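> Need coordinates for the below:
(one chain, ligands or ions: 1)
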Amino acid sequence: MTDWAWETLHDDLHVGLRRSKVLFDSKTDHQRLVLFDNPTFGKVLTLDGVIQTTEADEFIYHEMLTHVPVMAHGAVKRALIIGGGDGGMLEELLKHPGIEHVTMVEIDASVIEFSKQHLSAICKDAFEDPRLNLHIGDGAVFVAESADSFDLIICDSTDPIGPGEALFTQGFYANAKARLDQGGVLVTQNGVPFLQPDELRGTMRAFRQLFADATCYLATVPTYVGGPMAFGWGTDNPALRQVTDETLQDRFDAWGAETRYYTPAVHKAAFALPPYIERLVIP
Ligand code: SAM
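Next up, the predicted model:
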């Protein structure tokens, strides 16, 4: 009999993934962590029943939350990742030789230990990189108490349920902004606007009050069903979004890395918003 994992994140739509083999199922101090195999997606990680990442499509999410801000900024040296326990964001970010330092603040040490052991296809050896300063704790508390500053902050959170809820508040965004260097940028995972409009609406309301340039950009990630996913974009330097095609291409060529989703043209196109999403950004 076929075994299905049903994601119950959305009230009116349940996503079922075939579970060809359950590899791990345990309760950490913060959430229930399950890893299973799916013939199309490879290993699938869920936390509290919500899909976090899969081996097959993680590159889309991780490339778009790292390379878009890094390429737009052009000189990111110090970055902060909030969440991101599977290590995919860290691995992608560290591909940029200009990055000198990454602080990563993850609330659940078990997700990291687990990912090192079972999701090495995603995190590779990123957790061993000497540029990493790993901090186990609540990202909301970290940005409220830290005196460090960063060119880029990436919020790679779970959905606003359980421990991730604190990472969708006006107070968190304000404290994160205070940790940005001048001209720095904050990017956030903001769910799928068609199914989770309030998530994007709330973040954009906060961003409009905090940043000179507040918007979102989009990418389609197969396992986050319901249309494109939104990534929040907040900075006091509007020039980052106006960077020319030529400059982006020069930066991309100079970097010389092989990507599977990101290109300068995809970067530019990602900021084109269909009206049903734009209305959530600018009501
Ligand atoms: N790509 C994923 C998604 O959108 O479904 C997110 C992946 S990543 C695994 C999310 C991480 O955020 C988890 O490891 C979780 O433990 C962490 N997290 C949740 N709330 C947090 C908080 N308040 N501070 C730091 N990390 C948090």
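> Please, where are all the helices along the stretch 51-200 of the chain?
Applying DSSP state H, counting those that start in this stretch to the stretch 51-200 of the chain gives helices spanning 58-73, 88-93, 109-118, 120-123, 139-145, 170-178, 197-210.
> for the record, mean pLDDT for the longest one?
Read it as helix 58-73. Averaged over helix 58-73, pLDDT sits at 98.
> For that helix, name the packing helices and strands.
helix 88-93, strand 150-156, strand 180-189, strand 213-219, strand 229-235, helix 239-242, helix 245-255, helix 264-270 (3 or more Cβ pairs under 8 Å, 6 or more residues apart in numbering; DSSP states H and E). For glycine as for every other residue, the C-beta is placed from the backbone atoms N, C-alpha and C.
> Could you show which parts of the stretch 151-283 of the chain are in contact with the ligand?
156-158, 163-164, 166-167, 189 (Cβ under 6 Å from any ligand atom).
> Residue 9: which of those is nearest?
Lowest distance from residue 9 to these (Cβ to Cβ) belongs to residue 158, with 10.1 Å.
> Can you check the pLDDT for the closest residue to the closest one other than its chain neighbours?
Distance criterion Cβ to Cβ, 6 or more residues apart in numbering; nearest residue to residue 158, sequence neighbours excluded, is residue 164 at 3.6 Å. Looking at residue 164, its pLDDT is 94.
> Just give the number of residues close to residue 164.
For residue 164, the count of nearby residues is 23 (other Cβ atoms under 10 Å).
> That one: what's it in contact with?
Contact analysis of residue 164 by Cβ atoms under 8 Å, 6 or more residues apart in numbering lists 83, 157-158.
> what's around residue 198, how many residues?
12.
> That one: what's it in contact with?
With Cβ under 8 Å, 6+ apart, residue 198 has no contacts at all.
> Now flag whichever of the contacts of residue 164 is closest to residue 128.
residue 83 (19.8 Å).
> and that closest one, how far is that from the ligand?
Residue 83 sits 3 Å away from the ligand, going by Cβ to the nearest ligand atom, to the nearest Å.
> What residues does that residue make contact with?
Going by Cβ under 8 Å, 6+ apart, the list of residues near residue 83 reads 105-107, 139, 155-158, 164, 167.
> Which pLDDT value belongs to it?
At residue 83, pLDDT is 97.
> do residue 8 as well
At residue 8, pLDDT is 86.
> So it sits against residue 16, correct?
No: between residue 8 and residue 16 there is no contact, the gap being 10.3 Å when judged by Cβ atoms under 8 Å.
> Touching both of those two, which residues are there?
Counting by Cβ under 8 Å, 6+ apart, nothing touches both residue 8 and residue 16.
> Save the helices and strands packed on helix 58-73 as JSON lines, and put in mean pLDDT and mean neighbour count too.
Below are the helices and strands packed on helix 58-73 laid out as JSON lines (pLDDT from 0 to 100; neighbours: other Cβ atoms under 10 Å):
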{"stretch": "helix 88-93", "mean pLDDT": "98", "mean neighbour count": "27"}
{"stretch": "strand 150-156", "mean pLDDT": "98", "mean neighbour count": "26"}
{"stretch": "strand 180-189", "mean pLDDT": "97", "mean neighbour count": "21"}
{"stretch": "strand 213-219", "mean pLDDT": "98", "mean neighbour count": "22"}
{"stretch": "strand 229-235", "mean pLDDT": "98", "mean neighbour count": "26"}
{"stretch": "helix 239-242", "mean pLDDT": "98", "mean neighbour count": "14"}
{"stretch": "helix 245-255", "mean pLDDT": "98", "mean neighbour count": "14"}
{"stretch": "helix 264-270", "mean pLDDT": "98", "mean neighbour count": "17"}
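> State which one residue of the stretch 151-283 of the chain is found closest to the ligand.
Among all residues of the stretch 151-283 of the chain, residue 163 sits closest to the ligand, at 3.5 Å; criterion: Cβ to the nearest ligand atom.
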